[in-house]
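structure for this input, please:
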Amino acid sequence: MSLTLLDWRRTVFAMYADVRSTVAEDPEGTLTRFRAAKDGLFTGHPDTPILPAERATFSGLRYWAYDPALRFEVEVEPMPPVGIASISGTGDAYPLDRFGRITLPVGSLDVFWVSVYGGGVFIPFRDATNGTETYGAGRYLLDTVKGADLGGTDGRLIVDFNYAYHPSCTYDPKWSCPLAPPSNRLTVPVRAGERLEPPATAER
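Numbering: from 1, shown residues only. The predicted structure follows:
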């Protein structure tokens, strides 16, 4: 741990605060600015998860083109609380408490509260792109512990797959990242947000 990691966290929180304050007026421009800021972090920040041997040739993350149809403001349906231990790729257990569920056109996802100091809303997911176009263990939509918060009020959350992102363990296996439980596996491909290798139609 270091002050450089604190700087990383502060920067990420500020990036999402900018999204919440500007996305209504300019959704695509806000996303473009967000991606440029994230590429800057991954390219030049000392706490980037990009492996040291790959940093010299790293030119930024890969993304699908903006799709306005994959942004939703949805009600969180209360669910009986269920505690689970999400296991990371390194074998670490992350205690999660399911407290709700959201229903989207692409499927339904459980909403979790991360049961560690401070806590926060967490929505990981897997979909049919995993293992080919995206990381095999899935991606994240929200992780408010680390600033990934798109907003929402009165029992509703903003969920935007254009901001779906890979956990740090995608790039460096030493990172310990909670994985999406079986309840958060979508059967359809969600081609939005971060991807691994760009197809001919993808945009950076």
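
helix, strand or coil for residue 112?
Here residue 112 is recorded as strand under DSSP: H, G, I helix; E, B strand; the rest coil.

roughly how far out does stretch 76-83 sit from the chain middle?
On the basis of C-alpha atoms, centre = their mean, to the nearest Å, stretch 76-83 sits 21 Å off its chain's mean C-alpha point.

show me the helices in the protein, by range?
Under the criterion DSSP state H, the chain contains helices at 3-22, 27-44.

which one of those is the most hemmed in?
Neighbour counts (mean count of other C-beta atoms under 10 Å) averaged over each of the helices of the chain peak at helix 27-44, with a mean of 16. All C-beta spots, glycine's among them, are computed from the backbone N, C-alpha and C.

pull the distance from that helix to the chain's centre.
So, by C-alpha atoms, centre = their mean, the centroid of helix 27-44 is 14 Å from its chain's centroid.

report the angle between that helix and helix 3-22.
Relative orientation of helix 27-44 and helix 3-22, computed by axes from the mean of the first three to the mean of the last three C-alpha atoms, to 10 degrees: 170 degrees.

now do helix 27-44, average pLDDT.
Helix 27-44 shows a mean pLDDT of 97.

same question for stretch 102-116.
94.

now do the buried residues in that stretch.
For stretch 102-116, burial by neighbour count (16 or more other C-beta atoms under 10 Å) applies to 102, 104, 106, 109-114.

shaky segments in this protein?
The model of the chain has pLDDT under 70 over residues 1, 87-92, 198-204.

most centrally placed residue in it?
residue 140 (3.0 Å; C-alpha atoms, centre = their mean).

for the closest residue to it other than its chain neighbours, give me its contacts.
Once flanking residues are discounted, residue 140 sits nearest to residue 124: 5.2 Å by C-beta to C-beta, 6 or more residues apart in numbering. Contact partners of residue 124, counting by C-beta atoms under 8 Å, 6 or more residues apart in numbering, are 86, 138-141, 178-181, 184.

residue 141 versus residue 124, what's the distance?
As judged by C-beta to C-beta, to the nearest Å, residue 124 and residue 141 stand 7 Å apart.

hmm, residue 43 is touching residue 56, no?
No: contact criterion C-beta atoms under 8 Å: residue 43 and residue 56 do not qualify, at 10.5 Å.

re the thing from before, okay if I get the helices of the chain as CSV plus distance to residue 133?
Converted to CSV, these look like this (distance: least, C-beta to C-beta, whole Å):
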stretch, distance to residue 133
helix 3-22, 24
helix 27-44, 17
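
contacts made by stretch 47-66 with the rest, please.
2, 4-5, 7-8, 27-28, 31-32, 35, 38-39, 41-43, 162, 168-172, 175, 191-198, 201-204.

looks like residue 177 contacts residue 166 (just checking).
No: applying C-beta under 8 Å as the test, residue 177 and residue 166 come out as separate, 9.0 Å apart.

which of the helices of the chain sits closest to residue 119?
Residue 119 lies closest to helix 3-22 among those, at 15.9 Å (C-beta to C-beta).

and that closest one, what does it pack onto?
On a contact count with 3 or more C-beta pairs under 8 Å, 6 or more residues apart in numbering; DSSP states H and E, helix 3-22 meets helix 27-44.

what sits up against the helix it packs on?
Contacts for helix 27-44 (C-beta under 8 Å, 6+ apart): 8, 11-12, 15, 18-19, 22-23, 48-50, 55, 58-61, 63, 66, 68, 71, 162-163, 165.
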